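>>> need the 3D shape of this:
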Amino acid sequence: MTTFNFLPMPYRAEQDRLFNEANAWFFRLQASDLLESERMAFDQWLATSPAHQDAWQEVQDLLQALETPAKKLRSRCVENSASQANCRQPLYSPIMIAAAMLLCLGLGFYLQPTLLQNLQSDYYTATGEQREIVLVDGSHVLLNTNTAIQIDLGFKQRRIKLLRGEAFFDVVHDPMRPFQVNAGNVNAKDIGTAFSVSRFNHHVEISVSEGAVEAMVESAHDQAATLSRGESAHYESNKLISLQNINDEQELAWRDGRIVFIQATLDEIVRQINRYRPGKLLITDPKLKQRRLTAVFYLNRLDDAIYTLQNSFGIPVIRLTNYLILLG
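Below you'll find the model as predicted:
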């Protein structure tokens, strides 16, 4: 049986939740139909704990930080409107533009469809959290960051539905009760094995570290493949795109609390950091996106990773807040 070294839910995940609440309060307080009872409820929420006050300050700091780019955006709008005599669109103030940007950040980070998936799931993890589950049949499931699954263990089959994210399965083989993982219309059937399945939008990847797996698409037998140890299958929109050999040290390093990059583009590195770290890293210089780096980062110290990008690789870093950091 594989040994897991997994991360507990970090402190930032709790800050992530509180920032979401503070962000919602901010926009409700701007409403023209705000009730006095709501104002009192906000005051009570704010006074509940210093953590709430810190989250509220985080929202204020982010709003203030966004005012400068908002002013630049408004200046461009003024220049454009001056060259278009028939333009009748209103020109909003920088603070209103900054608030709209904050709303987009809040909606983009925290109000995704993950809430509904969490309600539908049997188990889920937040951003930056990993969780190990031992099923009643003795199989182990390790959920990676921001993952949700449904479990259906019947008398004739065992079925896991991966709603989103990534999970590693160390399966107790039982030929009388096949073990199958569904990721949309892509299925992975155990043949006595340990394997991982990831699902991001329309992309599904199945990687095998022990034994073998039958990968297939429902009602599309020509998209099937049998994978052995060290092999992976990549599906895009229910079509088999490629079969590849994998480097366990790199592909499954997250199980040991690391992410490994070997000549990866900065664009890919930032995408991976954003998976595990609450908030958003943005590359503002397009020329940096294709710069290739080799590095190992620890999932519970991703702020150190940002420090390394700046001080070891010379990438400019502008920290607007802990939730919004610009590279370039």
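
>>> from now on I want contacts and neighbour counts done on CA atoms only, so please keep to that.
Fine.

>>> quick check, residue 192 in a helix?
No: Residue 192 sits outside any helix when classified using DSSP: H, G, I helix; E, B strand; the rest coil, being coil.

>>> list phi and psi for it.
Phi and psi for residue 192, reported as degrees, to the nearest 10, are phi 80, psi 80.

>>> I'd like to know how many residues surround it.
Residues lying near residue 192 (other Cα atoms under 10 Å) number 18.

>>> now the helices for the protein?
Using DSSP state H, the helices assigned to the chain run over residues 11-29, 36-48, 50-82, 94-110, 114-120, 248-251, 266-276, 302-311.

>>> pick out the shakiest of those, pLDDT-wise.
Lowest mean pLDDT of the helices of the chain: helix 94-110, a mean of 49.

>>> ok now stretch 40-47, how far from the chain's centre?
Its chain's C-alpha centre and that of stretch 40-47 lie 30 Å apart, by Cα atoms, centre = their mean, to the nearest Å.

>>> do the same with stretch 307-319
22 Å.

>>> what's it in contact with?
306, 325, 326, 327, 328 (Cα atoms under 8 Å, 6 or more residues apart in numbering).

>>> mind listing what's buried in that stretch?
For stretch 307-319, a neighbour-count test (16 or more other Cα atoms under 10 Å) marks 309, 310, 315, 317 as buried.

>>> give me every residue that touches residue 246.
Residue 246 is in contact with 207, 230, 231, 232, counting by Cα under 8 Å, 6+ apart.

>>> backbone dihedrals for it, please?
According to degrees, to the nearest 10, residue 246 has phi -110, psi 160.

>>> quick one: it from residue 216, how far?
Distance from residue 246 to residue 216, counting by Cα to Cα, to the nearest Å: 19 Å.

>>> in stretch 236-249, what's buried?
238, 239, 240, 243, 246.

>>> check stretch 140-160 too.
Counting neighbours by 16+ other Cα under 10 Å, stretch 140-160 gives 140-150, 158-160 as buried.

>>> which ones are touching the most centrally placed residue in the chain?
Centroid-nearest residue in the chain, with Cα atoms, centre = their mean: residue 275, separated by 3.5 Å. Listed by Cα under 8 Å, 6+ apart, the contact set of residue 275 reads 127, 128, 145, 146.

>>> residue 227: how many residues sit nearby?
Close neighbours of residue 227, defined as other Cα under 10 Å, add up to 25.

>>> beta-bridge partners for it, please?
Beta-bridge partners recorded for residue 227 (DSSP bridges): residue 213.

>>> isn't it right up against residue 208?
Yes: with contact defined as Cα atoms under 8 Å, residue 227 counts as touching residue 208 (6.7 Å).

>>> would you agree residue 283 is in contact with residue 326?
Yes: contact criterion Cα under 8 Å: residue 283 and residue 326 qualify, at 5.9 Å.

>>> contacts only, for residue 154.
So residue 154 contacts residue 177 (Cα under 8 Å, 6+ apart).

>>> sorry, back to before: dump the buried residues of stretch 140-160 into TSV; add pLDDT and distance to residue 59 as well.
Below are those laid out as TSV (pLDDT from 0 to 100; distance: Cα to Cα, whole Å):
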residue	pLDDT	distance to residue 59
140	96	39
141	97	36
142	97	33
143	97	30
144	97	28
145	95	24
146	93	23
147	96	26
148	96	28
149	97	32
150	96	34
158	95	45
159	96	42
160	97	38
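
>>> domain parsing for the chain?
The chain breaks down by automatic domain parsing into domains covering 11-111, 117-251, 257-327.

>>> cool, thanks, signing off.
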